[in-house]
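Q: prediction below, plus the sequence it came from.
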Amino acid sequence: METAAISYRVADFLKKHPPFHAIDEADLVGLAARGRVRFYEANEFLLWQGEPHRTHVFVIQQGTVSLWDEADARSGLHDILGAGDMLGVERFAGARHCSYSARAGSDVVVYAFPAEDFADLLEKYPHALHYVTANTGVTSGYEPAGARQQPHEIFLHDLVRRKTLHTCLEHERVRDVARTLVAGADAIAVFDSQQHARGIITAHDLLTWIADSGGDASQPIGNLPMRPVCSVSTDAVVADSVVTMGTARADALAITADGTSGGRIHAIVTARDLAPAFGDQPAVIIREIDTARDFAELRALNLRVRAFALQQLSGTASLEWIARFTHAADVAIVGRVLSLAGDETTLPACWCFSAAAGRAESLTLAAPRPVVILDEYGDRGKATAEYERVLDGLGACGYLGQPETAFDRSFYVASTTEWKQRYSDWIREPILQQTYKARPLFDLRAVHGAYSLCQDVATAVANAIDRDFLHVMSNDCLANLPPLTFFEDAVVEDTGEFATVFRLDESVLSPLVDVGRVFGMAAGSALGCSTFERFASARSLFAAHESIFRDAADALRLVLWQQARVGIAQGTDGAELPPTTLSRQDRHLLKGSFRSILRLVQFAANPAWIREL
């Protein structure tokens, strides 16, 4: 690399591969000018595990290099690398020596760059540093280079800080309040004589009141029906407001000093204020679901929800608030389907979600798995018929077909007593009762109806779980292990076999969810929790192993993000993906998550943690 022409050719090669694609050409040319070309024959070792770091880092220009873990006198394949992959960069993630032995699988040509020069580039380009360290299991907060500011990064108060706060007292006339709305205000806070906020009035509220009663406009505004103030705190971000407004079906919300409805109001936010941060108005979508006239309208709104989600899935940091939004939309759609196709005579009953929807982690068009818990006096026959109509209605709303389950459809409608007995049997005799088939039912979350029925079941489950059950369930987590790596357009399984399909749901999502479920049970949160919440509970319960669960949450965030963006774009559930749908950067980040998942599963399978309870 002694001439300028060669330096430019090397820089052109680097530009084709992440993270160099996000680095200025001048910096790449400077790096190349100080590099060297090295050649290795097949089966020759480039690095040895445990040796001190070399003075250079390597980028493979051509050929194949295999990484081997030779710890404890055992030799196991760890990864397979090709053109554009790097060697010796684990030092930038804190490794004190070479983590693996690197052996040439064919004749190999590498570019060797001084480690100090490479470190300078990583300091200048944080995006490149994130990429380099991702393969060690550090996967949190991935955002594409140059991404615009996202709703989870924009403070809500900044969006409305110049907006006038319109207020009135409850004794003021409806006519005068209406004039303020006509003059340009989109929402007005109504206070009582003690300066306590009674509610927020919008033009929609007035129109609804006129349509319902055609009342006297000279009467006090306080006579109008008002919902409690929907509120967020002053440090809330735009994403928080979307989920809060959508869940509460509110036209407006207040930013208050302490985040409560009784706190001092700083500003009022409406859907119109949120429009600049989005291409659509997400809170409005959920309200329109509540008033959809038929399944065709619900289908259009469901597709609109997913299109909005895909647009906002800019990086892993956006995943959790988008998941809360799609969950709120799914709950609203099921509620509207119940209204359009249900039969009120089956009540009281509690409609619940299970599996991914029960964990509030379903972002694609995969259909929710409903479960019905009946009151002891509920008519099971009528409830089962209603259940079938709801499933048909969900299909008409654009969801994908109901997934295959371990039980017949009629099984998912039962009384509180029956559900308690089933869970008791699954927990007392997990092997005999084949409890592994019922794992999705341990993700139960109430979404409509008599919530107390689900709470009764959840309490019974939490009280029944013991160490023996946790031991069996944690051992079952070994059934699914993540792949070893990606190579070219194939997935290398942990057995060493090559596969043309990436079984995302089975091989990487299921281990995370299954282990999370076990530790949720150990922490006393058996039902109604997301996997993120379960990992958070585990971090508190096992503080000495906090990094395992933190990395697992980061891996889950990345895996769900990949499933959502590919699944929504392709109109599938994202359970299986062709590796060709994943960019080189995607694969690199996922490989890091494979290591985190394997570490998590191995920890769960070791009964030592159960003895710590």
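A: That came in fine, so what should we check first? Please read these numbers as outputs of a predicted model, since none were measured by experiment.
Q: mind pulling up the pLDDT for Pro370?
A: In this model, Pro370 is scored at 95, pLDDT.
Q: so when I look at it, I'm seeing a strand, right?
A: Yes: applying DSSP: H, G, I helix; E, B strand; the rest coil, one finds Pro370 inside a strand.
Q: which residues touch it?
A: 334, 351-354, 387, 390-391, 412 (CB atoms under 8 Å, 6 or more residues apart in numbering). The C-beta positions use only the backbone N, C-alpha and C, and glycine is treated the same way.
Q: and it, what are its bridge partners?
A: Under the criterion DSSP bridges, Pro370 forms beta bridges with Phe353.
Q: how close does it get to Ala93?
A: Distance, Pro370 to Ala93, by CB to CB, to the nearest Å: 44 Å.
Q: tell me, how many residues neighbour Pro440?
A: 21 (other CB atoms under 10 Å).
Q: my guess is it contacts Phe353, does it?
A: No: the pair Pro440 and Phe353 fails to qualify as a contact (CB atoms under 8 Å) at a distance of 10.0 Å.
Q: which neighbours do those two share?
A: Common neighbours of Pro440 and Phe353, using CB under 8 Å, 6+ apart, are Arg369.
Q: the lowest-mean-pLDDT helix or strand in the chain packs against which elements?
A: Within the chain, no helix or strand scores below helix 271-274, which has a mean of 76 by mean pLDDT, DSSP states H and E. With contacts taken as 3 or more CB pairs under 8 Å, 6 or more residues apart in numbering; DSSP states H and E, helix 271-274 sits against helix 156-160, helix 238-248, helix 282-290.
Q: send me that helix as CSV with only the CA atoms.
A: Extracted C-alpha coordinates of helix 271-274, given in CSV (Å, rounded to 0.1, in the frame of the first residue of the first chain):
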residue,chain,number,x,y,z
ALA,A,271,-53.2,15.0,18.0
ARG,A,272,-52.6,18.1,15.8
ASP,A,273,-49.5,19.0,17.9
LEU,A,274,-48.1,15.5,17.3
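Q: helices or strands up against the helix or strand encompassing His471?
A: Here His471, judged by DSSP states H and E, is contained in helix 467-476. Packing contacts for helix 467-476, counted by 3+ CB pairs under 8 Å, 6+ apart, involve helix 510-522, helix 584-605, helix 608-611.
Q: which residues does Ala450 contact?
A: So Ala450 contacts 347-350, 375 (CB under 8 Å, 6+ apart).
Q: contact partners for the nearest residue to Ser241 once chain neighbours are set aside?
A: What sits nearest to Ser241 in space, not counting adjacent residues and going by CB to CB, 6 or more residues apart in numbering, is Leu156, at 5.3 Å. Listed by CB under 8 Å, 6+ apart, the contact set of Leu156 reads 232, 236-238, 240-241, 255, 269.
Q: kindly recompute the last result at 10 Å.
A: With contact set as CB atoms under 10 Å, 6 or more residues apart in numbering, Leu156 has these partners: 232-242, 244, 253, 255, 267, 269, 273-274, 277.
Q: next: Ala112.
A: 1, 34-38, 46, 54-59, 87-88.
Q: which ones among the residues you listed map onto strands?
A: Under the assignment DSSP state E, the contacts of Ala112 contribute 36-38, 46, 56-59, 87 to strands.
Q: any of those buried? List them.
A: Neighbour-count burial (16 or more other CB atoms under 10 Å) applied to these gives 46, 56-59, 87.
Q: wait, Asp158 touches Val238, no?
A: Yes: assessed by CB atoms under 10 Å, Asp158 is found in contact with Val238 at 9.1 Å.
Q: for these two, indicate the residue with more neighbours.
A: Comparing Asp158 with Val238 by other CB under 10 Å, the one with more neighbours is Val238, at 24 against 10.
Q: wait, that one sits on His152?
A: Yes: assessed by CB under 10 Å, Val238 is found in contact with His152 at 7.5 Å.
Q: helices of the stretch 301-450 of the chain, residue ranges please.
A: Remark: helices assigned in the stretch 301-450 of the chain by DSSP state H, counting those that start in this stretch are 319-341, 355-358, 380-396, 416-428.
Q: out of those, deepest packed?
A: Burial of these is given as mean neighbour count (mean count of other CB atoms under 10 Å); helix 355-358 ranks first at a mean of 25.
Q: what comes up buried for the strand or helix carrying Ala5?
A: For Ala5, the element it lies in under DSSP H and E is helix 4-15. Neighbour-count burial for helix 4-15 flags 7, 10-11, 13-14 (criterion: 16+ other CB under 10 Å).
Q: how distant is it from the center of its chain?
A: 39 Å (CA atoms, centre = their mean, to the nearest Å).
Q: which parts of the stretch 451-600 of the chain are helices?
A: 451-464, 467-476, 504, 510-522, 531-541, 546-570, 584-605.
Q: returning to what we had before: buried deepest among the helices and strands packed on helix 467-476, which one?
A: Buried most deeply of those, by mean count of other CB under 10 Å, is helix 510-522, with a mean of 25.
Q: average model confidence for that one?
A: Mean pLDDT, helix 510-522: 94.
Q: dump the buried ones among the ones in strands among the contacts of Ala112 into JSON lines; add pLDDT and distance to Trp68 as well.
A: Below are these laid out as JSON lines (pLDDT from 0 to 100; distance: CB to CB, whole Å):
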{"residue": "Leu46", "pLDDT": "92", "distance to Trp68": "11"}
{"residue": "His56", "pLDDT": "93", "distance to Trp68": "21"}
{"residue": "Val57", "pLDDT": "93", "distance to Trp68": "19"}
{"residue": "Phe58", "pLDDT": "95", "distance to Trp68": "16"}
{"residue": "Val59", "pLDDT": "94", "distance to Trp68": "20"}
{"residue": "Leu87", "pLDDT": "92", "distance to Trp68": "13"}
